[in-house]
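In: Predicted model and sequence follow; I will ask about them next.
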Amino acid sequence: MGIYDGNKLANENLYEVAKLCVMAALKAPQVTGKVELKTEIITGEDTLPIIEAREKVMESRARLAPRLPGGTPVRTVRRRSSYNLRVNYDAGTPSVLIFFGTNSLIRSELNWNCGACGFQGCREFNKYSLHIKKTIPGRQVGPTCVWKHLDFNAALGWACAAAWQYNVDNRLLGFEMGTARMLGYMEDYSHSELLALGPCADLVWWNRRGMAGQTEEEYMERAWRAMPQFWNTFIGAGDPLTRYDVKEFLFKPKRLVRVEAPPPSPEMVEAQQALEKEIARIRARVAARRRELKATKKSRS
Amino acid sequence: MPDFYINEWPPFSPEDEARKDNVRLAARLMVNAALTAPCIGGNAAVEAHLVYGRKEMDELAKKMLELARENPRNKFWKNIFKYEATMIREQTDAVVFLGSWNAADDPFDIGCGRCGGIPRLCWLYEKRAIRAGKIDMTESQPTTLVDGPLCMIRTTALGFAMGAAMWMSYRLLVDSRPFMSVGIAGQKLGYCPNSQIVVGIPVAAYSKNAYVDIRPDYHVLSQWKAVQAMRKYYPLFRLGGGQGDYRDSFPFVTPEAEGEEE
C-alpha cells in the first residue's frame, strides 16, 4: 500500500527495460552463430561524464565551426542528438545507456570464403586483419566479416525492438559511443554501439527538439553548405566534405570550396589540446568511479 | 459460410496449403518489419523478395546443392548447403530474401574504417573501379560468391532489417532462421536483383521447428526420406507372411496361445 510518483517510477523502470534489451540482444538469431557480445548498462549520474565529454567535443568543434557573416559560429554543430542527453539529465529523467561491444567481427573462423569482405577467403582476411592490428595504432576498427556484421547489427536491432515493445523511445548513438570510448567505455572492443533508452515520453529521439532555437540564418547556412553535397557524399554536420577525387578524398578531406587543405591553425591546435585535456580529466573521473564501484561491490561480498 | 480446415499432414493437401497461406501472411509482415527497420542516416538501403511455391523451393534447393561444391577448402560448407537445401525443399513454406542494393557501389562515405581497418579511409574505393569519383560496377568481375568488399554502414542497415524480420517472425510464432546459403543461392537465381549481398530467411509453421535439431546426414535422414523408406518397405511387409484371401481366412491361433491370453 502506498502513494507513488508514477512518472518517477516509470523512469526508474528504464533500468529494468535495459536489462530486457540486453536479454533480447543476446537471444537474437544469428547467421553465423559466432558473434559474442559484451554489454554494459550505465544509469543516473554515471551518464554525466559521457554527456560532459560530448559537450566538450561539441564546444571544441563550435570554436572551429563555420561563421555567420556577423562572426557567430553555426550552432547546429553542437545541437545534435547528444543535446537530448543533457536536456533529459537536467530534467531529472536521465536516459539509461547500454553499451554493446564485440571483437568477433575482425577475424573469421567461418572459412566460408565467400568474398563479401573483399578478400579471396577467410585466411586472407585474417592475415590482413592481423597486419592492420600490427600496423595501425589505436583501436582496431576493421576489416569486418560481413556475415558477422549482420549478426551484430541484428542483435542491436533486437535490443531496440525490445525497448519498443515496452513503449520506450530509444536510439543508437554513434557519435556518443565514440566519445564514451575516449573515456574508456568499450575501448577494448573493435566494434561498439551505444543505445540510449528513454526518458518515458513521446518522440524523445525524433523531430530533433534539441535543434529548436536555431535562427533562419543558421539554418540557411547549413542548408546551403549541405545542398551541393547531396549527390556526392555524407553531408556531415555543418562541415561537409566533397569528393572530387577519390584518393584525395580518402586521405585529405576537402571542403566545399576547392582549396588546398591548410595546415592546422594555432587556434585548431589549441582547441584540440584543450579538448584532450578535458577528456583526460573526465576519463580520470570515470576510472575513479569504476574503482569506487568495484571496492563497494567487494566490501559487500 | 466458408471454412478452413488446416492440417500439416498430408503435405501439399488443401489443408496443408491453407496452413502455408497463413505463413505467407506472416512472411509479408516480416518484409514490412524489415523495410521499416532503422537504417543509417534514414537512407533506404534494403530491398526484399518474398518467394513461395513448391517449384520455387525446389529450384532454390537445387541451386544450393550446386553451390555445395563451391568451397572445397571448408569441410562444413558442403553439409551446411546440403542440410539447408533439405530444409528448403521439404519444410519451408516461404522464403524472405533481404538484400543491400547499395553496399558495393554507393558507400556511405563517413570513413569509418570498418571495411579496411584504416580509420578515415573508405578502403572500398581502393578495391573497386572508379569513374568520375563513383564506383563503376560494370567493371566488376568477381571471382568469389559475393562481390566484395562492401560498405559496412550499408550492411549495418541490412543487419537491422534482418533483425526486424526475425523479430516479427518470433512475435508471430512462425519458425524462421537467417541463412547465408539460402541468401547466396537466391541471389544467383535473381532474387533481390539489385543487391550485392542477400540473406535468406526461410519461414515455416510446423509442429516441429524445421530449422533446429538438425542431425548429421540430415539430407539423407530427413522426414521425406523417412517416409520414402517407409513406402519402400511397407509393401514388402504386405508381401511377406501371406494369409491367403482376407475374405475367408484369419491368422491361425493355436490353442496354447489362446490359453496364454486368458
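Out: Done, it's in.
In: I'd guessed A:His149 sits against B:Arg154; true?
Out: No: assessed by Cβ atoms under 8 Å, A:His149 is found out of contact with B:Arg154, at 10.3 Å. No exception for glycine: its C-beta is placed from N, CA and C like everyone else's.
In: A:Gly101 falls within a strand, correct?
Out: Yes: judged by DSSP: H, G, I helix; E, B strand; the rest coil, A:Gly101 forms part of a strand.
In: got the contact list for it?
Out: Contact analysis of A:Gly101 by Cβ atoms under 8 Å, 6 or more residues apart in numbering or on different chains lists A:37-39, A:186, A:188-189, A:191-193.
In: give me the number of residues near the nearest residue to it once chain neighbours are set aside?
Out: Excluding its sequence neighbours, the residue lying closest to A:Gly101 (Cβ to Cβ, 6 or more residues apart in numbering or on different chains) is A:Tyr189, at 3.2 Å. For A:Tyr189, the neighbour count with other Cβ atoms under 10 Å in any protein chain shown is 21.
In: ok, now which ones touch whatever residue of the stretch 1-150 of chain A ends up closest to chain B?
Out: For the stretch 1-150 of chain A, the residue closest to chain B is A:Gly115, as judged by Cβ to the nearest Cβ, at 2.3 Å. Each residue near A:Gly115 by Cβ under 8 Å, 6+ apart is listed here: A:121, B:142-148.
In: mind redoing it with 6 Å?
Out: Going by Cβ atoms under 6 Å, 6 or more residues apart in numbering or on different chains, A:Gly115 touches B:144, B:146, B:148.
In: quick one: the residue nearest to it when sequence neighbours are not counted and B:Pro178, what's the gap?
Out: Closest residue to A:Gly115 apart from its sequence neighbours, by Cβ to Cβ, 6+ apart: B:Thr144 at 2.3 Å. Going from B:Thr144 to B:Pro178 by Cβ to Cβ, to the nearest Å gives 20 Å.
In: Among those two, which residue is more densely surrounded?
Out: Taking neighbours as other Cβ under 10 Å, B:Thr144 and B:Pro178 compare with B:Pro178 leading, 28 against 18.
In: Touching, the more buried one and A:Thr32? I think so.
Out: No: applying Cβ atoms under 6 Å, one finds B:Pro178 not in contact with A:Thr32, separated by 9.5 Å.
In: show me the contacts for A:Glu52.
Out: A:Ile282.
In: Can you list the buried residues in the helix or strand where it lies?
Out: Applying DSSP states H and E as the criterion places A:Glu52 in helix A:48-63. Of the residues in helix A:48-63, A:48-58, A:60-62 count as buried by neighbour count, 16 or more other Cβ atoms under 10 Å in any protein chain shown.
In: Then stretch B:124-142?
Out: Across stretch B:124-142, burial judged by 16+ other Cβ under 10 Å covers B:124-128, B:134-135.
In: Tell me where the stretch 1-150 of chain B is predicted with low confidence.
Out: For the stretch 1-150 of chain B, the stretches flagged by pLDDT under 70 are B:1.
In: What are the boundaries of the helices in it?
Out: Along the stretch 1-150 of chain B, counting by DSSP state H, counting those that start in this stretch, helices occupy B:14-35, B:54-67, B:77-91, B:124-127.
In: and the ones you listed, which is most packed in?
Out: The highest mean neighbour count among the helices of the stretch 1-150 of chain B, using mean count of other Cβ atoms under 10 Å in any protein chain shown, belongs to helix B:77-91: a mean of 22.
In: How about that one and chain A, any contact?
Out: No: legend: contact between helix B:77-91 and chain A by Cβ under 6 Å from any Cβ of the partner chain is lacking; minimum distance shown is 6.8 Å.
In: That helix to helix B:54-67, inter-axis angle?
Out: Here the directions of helix B:77-91 and helix B:54-67 differ by 170 degrees (axes from the mean of the first three to the mean of the last three Cα atoms, to 10 degrees).
In: Which of the contacts of A:Gly101 fall within helices?
Out: Applying DSSP state H to those, no entry is found in helices.
In: Buried among those? Make that a ChimeraX selection.
Out: A single ChimeraX command selects the buried members of the contacts of A:Gly101 (16+ other Cβ under 10 Å):
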select /A:37,39,186,189,191,192,193
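In: Which of the contacts of A:Gly101 sits closest to A:Ile282?
Out: Ranked by distance to A:Ile282 (Cβ to Cβ), the contacts of A:Gly101 are led by A:Met186 at 15.8 Å.
In: What number of residues are in the vicinity of A:Lys297?
Out: For A:Lys297, the neighbour count with other Cβ under 10 Å is 9.
In: Checking it next. Helix, strand or coil?
Out: helix.
In: so how far is A:Thr39 from it?
Out: According to Cβ to Cβ, A:Lys297 stands 18 Å off from A:Thr39.
In: So which bits of the stretch 151-262 of chain B are right by chain A?
Out: So far as Cβ under 6 Å from any Cβ goes, the stretch 151-262 of chain B lies against chain A at B:152, B:155-156, B:159-160, B:162-164, B:166-167, B:178, B:180, B:197.
In: what's the farthest-apart pair in those residues?
Out: B:Met152 and B:Trp167 (21.9 Å).
In: Of those two, which one has the most company?
Out: Comparing B:Met152 with B:Trp167 by other Cβ under 10 Å, the one with more neighbours is B:Met152, at 29 against 25.
In: what sits against the residue lying closest to the more buried one once chain neighbours are set aside?
Out: Closest residue in space to B:Met152, ignoring its immediate chain neighbours: B:Arg114 at 3.6 Å, by Cβ to Cβ, 6+ apart. Residues near B:Arg114 by Cβ under 6 Å, 6+ apart: A:141-142, A:144, B:152.
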